[in-house]
Every structure is written in structure tokens, then in C-alpha cells.
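# here is the input, now give the coordinates:
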Amino acid sequence: MKCKQKLHQAIDALYYRGCATSEAYTRLVLDCVRASDVYQAKRLQSHMDLHLFQPNDTFVQNQLLHLYAKFGKLSDAQDLFDKMPKRDVYSWNALLSAYAKLGLVEDLYATFSQMPYRDSVSYNTLIASFANNGRASTALQLLMRMHEEGFEPTEYTYVSSLHACSQLLDLRHGRQIHARVIVGNLLRNAFLWNAMIDMYAKWGDINRARWLFDQMVNKNVVSWNLMISGYVKNGNYDECIHLFHGMQLSGLKPDQITFSNVLSAYFQCGLIDDARELFSKMTKKDKICWTTMIVGYVQNGKEEDALKLFGDMLSENVRPDSFTISSVVSSCAKLASLCYGQLVHGKAILMGIDGNMLVSSALIDMYCKCGVTSDAWVIFKTMPSRNVVTWNAMIMGYAQNGHESEALVLYESMLKENVKPDNITFVGVLSACINSDMLNEGQKYFDSISEHGMRPTLDHYACMVTLFGRSGCIGKAVDLIKGMPNEPDYLIWSTLLSVCAKKGDIEHAELAARHLFVLDPLKAGPYIVLSNMYAACRRWEDVAAIRSLMKKNNAKKFAAYSWIEIENDVHRFISEDRSHPEVENIYSELNRLIKKLQEIGYNPDTNIVLHDVGEEEKFKSISYHSEKLALAFALTRKPQGGAPIRIIKNIRVCDDCHAFMKFASVTIGRAIILRDSNRFHHFFGGNCSCKDSW
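Next up, the predicted model:
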């Protein structure tokens, strides 16, 4: 600070005295460079121009040029360059640096082409700039041109060229450069070692990257980070964590990049507590580390923790970016938390990033998963540009919320706008056909997948199995499975089992179940479905045999549950749940509602209780399913109001609860939006958007 004050005073004094000597100007210019003081440099240049000072050589002006270039003052650099009576290669290189600083690669190349003479520095600036601005192939072409013009590449040339090879995954050129580095005896340069480690790691040759890393004598933090990051990108999370411990033992201090990669590795391994502990110990947490934690929580089903952490992030005055916001919005989507989603949407608007494509796409998905397709459509329509992710979110949202025709119309609009569909697009389109029982249209869309240069995925086959099954063509579904080019997986056979259960086709259900028992004997779902089908036919011996097999294989049944958000708090319920603090009010309200619905025609369907028990026990079992408890709780808290009641269930809604919700929507005079594992159900006035097909 004192240095800058003295410089300011010296130039003030210069303006009082008038013209200075060449030595005085040179000394002051060098002082400006050492202090990185662009403002005083411009004042000094103005003084020289005012007194028509012309130096004997280019040294003074070149120093000013490089100072302007360093801070991206392109107009000042260009103005000085144009005034110079003499220019040398140093002058031209300074101007190149100014363009490179701002990433203006086209202007940079035009200036390079005008140069009367060049050197290795000129090429280095050009190659680095093209490599750093997404023009990797041009960077490698310039490397070859540099060779052709007889200039010897330097260590910096090779670092930039290796970076270009990493982007292009160009193994041939990368190995050639590696060989030149060895021949040129340049292996003492840490930047080169790091560039080669990064290149091999990005190619997926993690063993070669590790060999180079182990051979490196003077590893720095960047070296460790590149290797740790390489393991994360190649899915070797255990080795990433092991290397992190090795880094600490080496005496080097991890930085934010290290922590971010290790946190990601912990989450990928499911070590949530380890990630939380490491994060809590960090003295400095940047935006990337906060975002990594939030994304990790979302990936591991800890959406509520993600939302809480986002609140902590804001309270610490860490500014989120578009990736953070989109991840938080995804948490809201998974929880169907409309209230939180709207709050985060508001935050995005205040930050000015609501128009970001990543954020907008996430918001569309969130509103659709909260059953509010109208708000999603407003965002979609007002976006200045859209990519395939945006279109997919809106198409899938329409398909799952009972707006199948809108989904298919939107798909046709997508094609007219020359947006190339991807695999997810066709999942959305086929889902729309499933929910509308449009077999012929679904077959047409399925056949068109190859016309767009893709092969049908297992998800697409699963959609067609569902479509055939719901249309009563289970035989065709089985033929489709047998004709698949790849081995059917768990998804395919479980889909077949599901449609067989819906249609009561025990023969094909047994076929699907046999495959599922082999693919994953620990999953209880197939045992239960087949057992229930036997029970429905009163085949109690078969029921006992399946339950015995389930016990023998130690298959575990997971709990079905529902949740609802009331006043920013999420409340979870399981069937016949009595753990809620307001349990008495909830059951009282539910029993009152059941009686009221029975008066207008609702009759509990005890036939779906597939246990050999009395009618009273069956009635009790069916009456207190988790979604009914969630609805009753909502009515105790907000008995009046026009806003829809939103309930989420982790498995498919049963027939009785579906009928119950239709009757309830009439009695309470409000819309009920129920999201199950299969789709959305919008109940209003006694009807459901799924048209009783789900």
C-alpha cells in the first residue's frame, strides 16, 4: 500500500515538473509494473503523450503493453500499440496476451496472422488460448504449424498441447507429445508431469496415470488433486479415499478441490457420515464444497438434509451458483415440496439465474413433480432457448400428470424445432402412450427410435411390455422380451410381473417371478406379488410355499409409506401408524371421513386384503393405509381452503385407496394430488386424471 502511495506521489510530482528524462520515465514504468498499478501506468503514459516523449527503443512501451494485457485492458493496449513508432516481437506478443486474457481467440488469431515475425512465445500464447477456450483441435494444428516453421516447442507448449489432447481424448497425439517430453529431457517440469497425469486419467488409463504419479519426485497439491480426481472420474472411490490419506501423510495440505473430490467419493461409497464429518472439520468451505455436499445428499436420498444444508450455506453468506440451485430444486422435486421449491425459485430470481437453462429445466421438473404443470409450462414457454433436457422435463411432466395428448403434441413440436430426441425423450413419449392405452401409437414411436440413430434401451422395452400388458396382449409382451437383443434385466421381468398381477395372469407371472428370484433373491417384492396372486385365487398351499422360499432366501420387505408437507414440515406415515404426536386427532378425522364417504357410496374393498383373516380384521387393515392417514392429517391441520392437498407414496397406490381418494375429493371439495411410484393422480370431483388406469 505504501509502495502505491509513493508511486502516486511520484507521478503527481512529475505533472508539476513537466517533461522527465528517459531514465526517469523508465524507472517509473518499472515501478508501475512491480506494483501492478494500471491506473498510475495510464497516468504516466498520458504524461509521456502530453510531452511528446518518444523513447529510443521499445522497452518502456512494451512494459506498459504487458501490464495492460495482464489486467485485460485490451483497449488501452491496442491504443498504445497503434501509437508505437517501432514494434518488435515482444510488442506483438504483449498484444496477443491482451486478446488471450479475454478469450478472444478469433481476434487473437487475426493479430497473429498479421505479425511480421513470430517466436515460440507467440505460438505458446495462441496454442494455450485455443486449448483453454474449447478449440483443442485448432491448438494441435498450431502445434504442427509451429514445428513446420522451425520453432522449438517449450515446456509451456507441451503443457497446453497435452491439455488439448485431454479434451479430445486424442491418444495418438498425446503419446507422441509424451515421447517428445522424454526425448527433450523435460521431465523435471512439474506442470508437464501434471498435464500427463491428467491426460491419461481422462482417457481412463488410470494405471498409467498412477505410474507417472508414483514416479514423480516433486509432487505438489495439483498433482495429488489430479490423481484423486482421476480416481473419482474413473469410479475407483476407495483408491481416491486411500490416496487422500496418503496426501495428508506426505505433509501437503489439501485444498478445496481435494476436499470436494473426497466428499464426492465418500458419497459414491455411501459413506454419508464420513462425508459429514470431513465437511464439519473443514475450516474453509467454498461454493464447490457446499454444492458437493448438497448433491451428495440428494444422490443418497437425503433430500431433507440437502435442503437444511442449503439454508446453512445461505446463512454463511456463501453465494450459490446455478448448479447449486438446480441441485436444491431437484431435492424439492423428489420430496414434492412445492413450498420449498417456490422459495428456491424466488432465490434464483433474486440472483438473476432463473433464466439459466440448468435452473429452468430443474424448475420445470420440480413443478411437474409437484403436480403443477401450469407453472412448469409458464417457465418452459418463457425460456429464451431450450435443450433436450428441458423438452424432456416438460414431456415427462405432462405424461405423468394425466396430460398425455399435450405430451405427444409437445414431442412433435420438439421435432419441428429440430431438437434431436434422446432415450429419455422416448421414455416420456411411451409413458404418455401407456397412460392413454395407445398401443398402436406406442408401437409407432418405439419403431421410430432407430430412425433417430438410437437403439431401444431396456427402459423402452419395459414401456412396451407395460403397454402390451395393459392392452391385454401379455403373450406379445413375452415374445418381445424373448426377442430382445440383450439379456432382459430385473426391470424387464418385474415390469412383466406387474402387468401380469394387474391382469391376473398367473402363468406368465410365474415365468417372470422365476427369473426375478434368480436375478435378486433378496428382494421381497416378487415373492409378495406372486403370493398375493395365489391368495386371490385361494391357493393357500402355494402362498405358504412362496412365503417359505422368501424366508429361506432371507428376502427383506421394505415398508410402504406416504408423506405430506404441512407448513414447511414433512410428515411421514406408514400403514396403521400410531407414532405421530397427533395420532388421536388423525384417527378420529379418518374414521369420521370413512363414515361420511360410505354414506355417498364408498365401500372399502376388503378383497385386496390377501390374508386368511376375518372381515373385521380386513376392514381395519384396509382403512388405515399410509396415504389415508396423510390425508386425514392434512384435514386436521387445514380443514378449509382451496389449495390442493399433495401426498407422496413410495409404492403404487392400491385400488381401495384410489377409490377412497376419488370419493374424498367430492366430500371435501378440494383437489387431491397423489404421487405414487408409477405416476400422478389428480383427484377432483370424484374423478382421477389417470382415468382409473395406473
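# where does the stretch 1-150 of the chain dip in pLDDT?
Low-confidence segments of the stretch 1-150 of the chain (pLDDT under 70): 1-2.
# the helices in it, which residues?
2-17, 22-35, 38-50, 59-70, 74-83, 89-101, 105-114, 120-132, 136-148 (DSSP state H, counting those that start in this stretch).
# buried sites along the third one?
For helix 38-50, burial by neighbour count (16 or more other C-beta atoms under 10 Å) applies to Val38, Gln40, Ala41, Lys42, Arg43, Leu44, Gln45, His47, Met48. All C-beta atoms are positioned from the backbone trio N, CA, C, and that covers glycine.
# closest to Phe323 out of these?
Set against Phe323, the nearest of the buried residues of helix 38-50 by C-beta to C-beta is Val38 (32.9 Å).
# list the buried residues of stretch 434-452.
Neighbour-count burial for stretch 434-452 [16+ other C-beta under 10 Å]: Ile434, Asn435, Ser436, Met438, Leu439, Glu441, Gly442, Gln443, Tyr445, Phe446, Ile449.
# quick one on the thing from earlier: can the helices of the stretch 1-150 of the chain go into TSV with extra columns for distance to Ala509?
Formatted as TSV, the helices of the stretch 1-150 of the chain follow (distance: least, C-beta to C-beta, whole Å):
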stretch	distance to Ala509
helix 2-17	82
helix 22-35	81
helix 38-50	77
helix 59-70	73
helix 74-83	71
helix 89-101	66
helix 105-114	62
helix 120-132	58
helix 136-148	54
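# hmm, back to that, and of the buried residues of helix 38-50, the nearest to Gly235?
Val38 (46.6 Å).
# could you tell me how many residues sit around the closest residue in space to the closest one that isn't next to it in sequence?
Of all residues not flanking Val38 in the chain, Phe71 sits nearest, at 5.1 Å (C-beta to C-beta, 6 or more residues apart in numbering). Here the number of neighbours of Phe71 (other C-beta atoms under 10 Å) works out to 15.
# measure Phe71 to Leu64 for me?
Here Phe71 is placed at a distance of 12 Å from Leu64 (C-beta to C-beta, to the nearest Å).
# same deal with Met282?
Met282 is 43 Å from Leu64, by C-beta to C-beta.
# which one's more surrounded, those two?
More neighbours surround Leu64 than the other of Met282 and Leu64, with 25 against 14 (other C-beta under 10 Å).
# quick one: contacts for that one?
The neighbours of Leu64, taking C-beta atoms under 8 Å, 6 or more residues apart in numbering as the test, are Val29, Cys32, Ala41, Leu44, Gln45, Leu80.
# again, only this time at 7 Å
Val29, Ala41, Gln45, Leu80 (C-beta atoms under 7 Å, 6 or more residues apart in numbering).
# wait, which of those residues is closest to Cys289?
Ala41 (37.8 Å).
# ok, and the closest non-adjacent residue to the closest one?
Ala41's closest residue in space is Cys32 (C-beta to C-beta, 6+ apart), at 4.1 Å.
# quick one, helices of the stretch 401-550 of the chain?
404-416, 423-435, 439-448, 458-470, 474-482, 490-503, 506-519, 525-536, 540-552.
# switch these over to JSON lines; also include distance to Leu631 and mean pLDDT.
Converted to JSON lines, these look like this (distance: least, C-beta to C-beta, whole Å; pLDDT from 0 to 100):
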{"stretch": "helix 404-416", "distance to Leu631": "26", "mean pLDDT": "95"}
{"stretch": "helix 423-435", "distance to Leu631": "23", "mean pLDDT": "94"}
{"stretch": "helix 439-448", "distance to Leu631": "33", "mean pLDDT": "95"}
{"stretch": "helix 458-470", "distance to Leu631": "27", "mean pLDDT": "94"}
{"stretch": "helix 474-482", "distance to Leu631": "34", "mean pLDDT": "94"}
{"stretch": "helix 490-503", "distance to Leu631": "24", "mean pLDDT": "92"}
{"stretch": "helix 506-519", "distance to Leu631": "32", "mean pLDDT": "94"}
{"stretch": "helix 525-536", "distance to Leu631": "24", "mean pLDDT": "88"}
{"stretch": "helix 540-552", "distance to Leu631": "31", "mean pLDDT": "90"}
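# mind putting those in JSON lines, distance to Ile206 included?
Conversion of the helices of the stretch 401-550 of the chain to JSON lines gives the following (distance: least, C-beta to C-beta, whole Å):
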{"stretch": "helix 404-416", "distance to Ile206": "38"}
{"stretch": "helix 423-435", "distance to Ile206": "28"}
{"stretch": "helix 439-448", "distance to Ile206": "38"}
{"stretch": "helix 458-470", "distance to Ile206": "28"}
{"stretch": "helix 474-482", "distance to Ile206": "37"}
{"stretch": "helix 490-503", "distance to Ile206": "29"}
{"stretch": "helix 506-519", "distance to Ile206": "30"}
{"stretch": "helix 525-536", "distance to Ile206": "37"}
{"stretch": "helix 540-552", "distance to Ile206": "41"}
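# so which of those helices comes closest to Asp286?
Across those, closest to Asp286 is helix 423-435 (C-beta to C-beta), at 32.0 Å.
# the inter-axis angle of that closest one versus helix 439-448?
Helix 423-435 runs at 170 degrees relative to helix 439-448, counting by axes from the mean of the first three to the mean of the last three C-alpha atoms, to 10 degrees.
# picking up where we left off before, tabulate the buried residues of helix 38-50 (TSV), appending distance to Met313.
Below are the buried residues of helix 38-50 laid out as TSV (distance: C-beta to C-beta, whole Å):
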residue	distance to Met313
Val38	35
Gln40	40
Ala41	40
Lys42	40
Arg43	43
Leu44	45
Gln45	45
His47	49
Met48	50
